[in-house]
Each structure stands twice: as structure tokens, then as C-alpha cells.
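Novice: got a predicted structure here, sequence first:
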Amino acid sequence: MRLQPWNRRHLIERIMQIAMIGSLVIVGLCLGAILWTIIARGLPSLTWQMISQTPKGGFYMGKEGGVLNAILGSLYLASGATALAIVFALPIALYLQTYLATSGWAQLVRLALDVLWGIPSIVYGAFGFTLMIVLGVRASLLAGIIVLALVELPIMTRAMDEVIRRLPRDLAQAALALGSTKLEVALRVVIPQTLPGIVTAVLLAFGRGIGDAAAVLFTAGYTDRIPTSLLRATASLPLAVFFQLGTPYPEVRERGYASALILTIIVLLVSFGSRWLAARLQRYTVK
Amino acid sequence: MSAHIDVTNLNVFYGKQQALTNVSISIPRQQITVIMGPSGCGKTTLLKSFNRFLELTDGTTITGAVHVDGQNIYAGDVDVTAVRKRVGLLAQRPTPLPMSIYDNVCYGMSIHQMRTSKADYTAAVQHYLELAGLWDEVKTRLHEPATSLSIGQQQRLCLARGLAVEPEVILGDEPTSALDPISSQHIEKRMLELKSQYTTVIVTHTLRQAKRLADYVIFMYMGEVVEAGVAREVFSNPQQERTRQYLEGVF
């Protein structure tokens, strides 16, 4: 018997391995470079004043103030939109899996959601804006929440759909064998079992919502004031970044990076929080 | 013999593939009936026609009738959840629900609103866990996840959960095939204890298990019932050549 450590199969495996590691390294470096830019340029400007104050006069020319208006605005917008999206996404995902299963209708709904997922958020913003003109509504927190919820809906629904699809078939059948209705299976078995995944779906949608600038550009407007009413305009962090990076003043641009850093940290915190929550919710799930 | 389940002219198709052909059979009340036969002979299909589980698979066509207590469960106005409450199923692999041991037993009773107070539910949970021979092992850990139990314990939990909705019939789809010998013995022992109160129908492909449990046997081959009768007689003196071959281990 001859042992050939370098035969063709091993060579192919080695080449493929290098290709995989290569992809990982390239993507890792790009993300690292982005993070490094944000941190290196944003951290020096990330003062307590940045996160505790609203813009004062001359803020956009480098004077006093912070982006508290945009931090709170973004949190309100994304939280409101995510909450609103859950109200629609969860029933749709449950209906798709529990009642429609693999029928043609379900496939059509999935296709529609995938198409909606791919539509640029500026289109949602423009659609919302048109609707607002017809209804005579001005840019407001509420309008921003509604349009952002539409942006989040496809990603949230499809993520939930995929999570629920992976539910073991036996589990639903065990509940059906006891005489459950499909609704009881959905509410008392499917949701508890898939809750960690559902939390992840919600997080994905929240991340998309809070980072989106285009959908809120026309619909939520921008203001230096902290939002106090659903019917008033509100600032948001992506737009704050956009406006500050677009100025000719270096110190304002640095603050733009600091705002981006704040946005990144918020997403990171929400991500850790939801992971912690998902882990706790896993206690009773069936592996 | 008083029949509890009456099957008349049952034909089942999965798509175009015929799984059962003209099955007409009676299942005696409060005895253990064992359905046996080689793999793919339609044992499980016949079993799952008794709790209307066949329709969970897309593209299934069912003709004929299955009467439970004289009522055709395939009639148009029958509530399928009521059928499944009366005809319980112990699956091949234990499938605890994603909740605590206590809630697993409680689940069925609570969806059917069978008790009124928390104390009644708790008493019932203890009763059915005792009936399934699991109480002593879990009484101190009722609120732990059901998945923390061993596979054998999980199957007894599934038995307790099934008994808790007070069915008249218990179906077992090779209920011990995923279990170790000791756990299998536990389950078999429970079934023998419970047979005076429930009509039990078990699918098995272990001949020895069939001989240990059966009061009545149905032998199937290629989607048809070849022979059915009192266990003692069928095992000692099979009328059909195929049954004899199967019992002798020819196939």
C-alpha cells in the first residue's frame, strides 16, 4: 500500500481551504478598516457633550452641542417601527407556516416579501412622502415609524419564516395528536420553541431600521429638538452622520464619525442584549 | 368481541402510490391489538388513519370509513380535535413539548379546559405521572425543562401527557423503537397495566414484542390485511401462508 499525502483530492481541499480563508480575511479586513476609521476619527470627538446635549446655535459650524436629538430620534423611530413590524410580521410568518405550509400561495407570499426586501429604502421613503402629501400630513415621527416599519417588515417576516420552518415536524405533530387546533400549536408550541430565533429576527430588522437614512429622509424630517410628539418631525443618527460629514468644517466631520460610532455602539448593545435574551429563552426549547 | 374501531373498505393513496388497499378490520375494545408486518406494508398508515394523522401529509387521498364507537371519524362534520382527544398517539420518538415537565402533562388538559382550578390540574398531573410510572423520578423537578429527562423518561412523559386528555384509545407507533431495553420494558409494563382501561393499538416490527403484548394481531403485507385474529391462535396456528412465513422469519 502506498500512502500519498499529496494526491489530487488533498490538493483540491487545500486550494478550497485557502479560498475560504481568503474570503474571510478580505471581508474581515474591510470591516476592520471601516470600524477603525469610525473609531480613529470618531473617538476623539465622542465627548459627554455629544451624547448629552442637543445642537446649539452654530453646531453645524463647529460650535457647542451634541446629537442627543438624533440619538433619541433614532431610538424612537427604530423601536416604534420594530414594534409595529412585529405586530404584522409574526402573524404573517405563523400563517405562512401553520396554515399555508408549502402551498403555492405561501411561495407567492415569500416571493413578494423577497422582492420587497430588495427594494431600496429611498423608494419606501418616496412612497411614504407621496402618501403624506395626498393626506396632507407633514414629516413626523409617526410617518417615519410607519415607513420604517414597511422597510423592516420583509426582512423580519422572512427571518421568522425561516426560523419557524426549521421547527421539527414531530413537535407540531405531538401537539396536534393531543387534539390541539393549529392556532394552539402556533401560540403554545411554535412560538416558545422558536422564540430565540424570533428575537434574532427582530434584532435583524431593528438593525436595518436604525441604520436606514433614506426612508426617514422625507418622512421623519430633521430637527434639532428632542422629539416630544408623534406628530412632530424628528432627527435620526444616519441623517446626522450624513449632514455632518457633508460640511466643510473638519471638526464637524469628526463629529460625524463620532455619531456613526454612537450608532454602531447602539446596534452592538442591542445585539448583545438580544443574544443574552435568546440564551435565557432557550431553557425550555427542544434541541 | 366488541369492536371499538371498525374500518371498512379503507384505501389510502400518497399521491398515486397506494398505501392501503381495501382494508376492513375491527379492533377489539380494551385489549392490546398489535399490527405487524414487514417494513412498508402499511402498518403505520393504518394506525394513523385512526387519529386522522394521514391528512397532515400533502397529497393524501383517503376513501372508506373508520368508525370509532360507531361514529365515522371521516364524516364531513367531525371535529378533528375531538377525534384526536379520544384517540391518543404515542409517537416513535419521544417528543416533549418546549415547556416544563409539569406543563407537558398539563398542556392537553388545559387546551381542552378539563379542569377548573390550579389545584385540580396539579392533582391530575401527579395522577397521570403516577399512571405512567414516572412520578417518583420527577416529583422534585416538575418545573425543569422536559428535555432534561432521559429518552426513556421522556417517552413515559409523553405517555402521561397522552393519558391526561382522557382518551379511549391509545395508538403506539413503534413506541419503544428509540428506547433502550430497560426503558422499553417500562413502557411495555405500563401498556399491560393500562389495557383494561384503554383500547390499545401498537405497531411493531419486533415479533417478540408482538408476542409479549398482543391479545389480538393484525398481519399486513403490501398494504393489505393478510390475517387478523386472537393472538394465541394466529401465533400458534396461522391460517395464511404469508403469516406463517413471517412468523418463521422467512422475510
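Specialist: Structure received.
Novice: alongside chain A, which residues does chain B contribute?
Specialist: Residues of chain B lying close to chain A by C-beta under 8 Å from any C-beta of the partner chain are B:51, B:53, B:56, B:58, B:81-85, B:88-89, B:91, B:93, B:95-100, B:107-108, B:111-112, B:145-147, B:158, B:161-162, B:165. Any C-beta I mention is one placed from the backbone N, CA and C, and that applies to glycine too.
Novice: now, which of the residues you listed lie within helices?
Specialist: Those of the residues of chain B next to chain A mapping onto helices are B:Thr81, B:Ala82, B:Val83, B:Arg84, B:Lys85, B:Tyr107, B:Gly108, B:Ile111, B:Cys158, B:Arg161, B:Gly162, per DSSP state H.
Novice: give me the nearest residue to the last one, chain neighbours excluded.
Specialist: By that I understand B:Gly162. Nearest in space to B:Gly162, with sequence neighbours left out and distances taken as C-beta to C-beta, 6 or more residues apart in numbering or on different chains, is B:Gly88 at 3.9 Å.
Novice: so B:Val7 sits against B:Val23, correct?
Specialist: Yes - the pair formed by B:Val7 and B:Val23 meets the contact definition of C-beta atoms under 8 Å, at 5.6 Å.
Novice: what do these two both touch?
Specialist: Common neighbours of B:Val7 and B:Val23, using C-beta atoms under 8 Å, 6 or more residues apart in numbering or on different chains, are B:Leu46, B:Gly64.
Novice: can you list the residues of the stretch 101-250 of chain A near chain B?
Specialist: So the stretch 101-250 of chain A meets chain B at A:101-102, A:168, A:170-171, A:173-181, A:184, A:188-189, A:192-193 (C-beta under 8 Å from any C-beta).
Novice: shaky segments in chain B?
Specialist: Low-confidence segments of chain B, defined by pLDDT under 70, are located at B:1.
Novice: just give the closest residue to the residue in the stretch 1-150 of chain B that chain A sits nearest to, not the sequence neighbours.
Specialist: Of all residues in the stretch 1-150 of chain B, B:Lys85 sits closest to chain A, at 3.6 Å by C-beta to the nearest C-beta. Leaving aside its chain neighbours, B:Lys85 sits nearest to A:Gly179 (3.6 Å; criterion: C-beta to C-beta, 6+ apart).
Novice: tell me, how many residues neighbour the one you found?
Specialist: A:Gly179 has 23 neighbouring residues, counting by other C-beta atoms under 10 Å in any protein chain shown.
Novice: sticking with the residue of the stretch 101-250 of chain A found nearest chain B, tell me its helix or strand.
Specialist: Nearest to chain B in the stretch 101-250 of chain A, going by C-beta to the nearest C-beta, is A:Gly179, at a distance of 3.6 Å. Here A:Gly179 sits in a region with no helix or strand, counting by DSSP states H and E.
Novice: wait, B:Ser177 touches B:Ala91, no?
Specialist: No - with contacts counted by C-beta under 8 Å, B:Ser177 stays clear of B:Ala91, the gap being 10.3 Å.
Novice: who's more crowded, those two?
Specialist: B:Ala91 (20 against 14).
Novice: residue contacts, the more buried one?
Specialist: By C-beta under 8 Å, 6+ apart, the contact set of B:Ala91 is A:Asp170, A:Gln173, A:Ala174, A:Ala177, B:Cys158, B:Asp173, B:Pro175.
Novice: low-confidence regions, chain A specifically.
Specialist: Using pLDDT under 70, chain A drops low at A:1-6.
Novice: now for residue 160: which residues touch it?
Specialist: Just so you know, I chose chain A. A:Ala89, A:Leu90, A:Ala93, A:Thr194, A:Gly197, A:Ile198, A:Ala201.
Novice: that's the wrong chain, I wanted chain B
Specialist: With contact taken as C-beta under 8 Å, 6+ apart, B:Ala160 is in contact with B:Asn104, B:Val105, B:Tyr128, B:Leu129, B:Leu131, B:Ala132, B:Leu134.
Novice: same check, this time on B:Glu193
Specialist: Contact analysis of B:Glu193 by C-beta under 8 Å, 6+ apart lists nothing.
Novice: against B:Ile187, how distant is it?
Specialist: According to C-beta to C-beta, to the nearest Å, B:Glu193 stands 11 Å off from B:Ile187.
Novice: also B:Thr176?
Specialist: Computed as C-beta to C-beta, the B:Thr176 to B:Ile187 distance reads 5 Å.
Novice: okay, and the common contacts of the two?
Specialist: Contact criterion C-beta under 8 Å, 6+ apart; residues shared by B:Thr176 and B:Ile187: B:Gln155.
Novice: picking that back up, the residue of the stretch 1-150 of chain B closest to chain A against B:Met114, yeah?
Specialist: No - under the criterion of C-beta under 8 Å, B:Lys85 makes no contact with B:Met114, lying 9.4 Å away.
Novice: of those two, who's got more company?
Specialist: Taking other C-beta under 10 Å, B:Lys85 and B:Met114 do not tie; B:Lys85 has more neighbours (22 against 16).
Novice: so who does that one touch?
Specialist: Contact analysis of B:Lys85 by C-beta under 8 Å, 6+ apart lists A:Leu178, A:Gly179, B:Gly108, B:His112, B:Val165, B:Glu166, B:Pro167.
Novice: again, but for A:Phe127
Specialist: A:Phe127 touches A:Val147, counting by C-beta under 8 Å, 6+ apart.
Novice: so it belongs to a helix, correct?
Specialist: Yes - under DSSP: H, G, I helix; E, B strand; the rest coil, A:Phe127 falls within a helix.
Novice: separation between it and A:Ser121?
Specialist: For A:Phe127, the distance to A:Ser121 - C-beta to C-beta - is 10 Å.
Novice: on that earlier part again, CSV please, covering the contacts of B:Lys85 and showing distance to A:Phe272.
Specialist: Formatted as CSV, the contacts of B:Lys85 follow (distance: C-beta to C-beta, whole Å):
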residue, distance to A:Phe272
A:Leu178, 38
A:Gly179, 41
B:Gly108, 38
B:His112, 42
B:Val165, 42
B:Glu166, 47
B:Pro167, 47
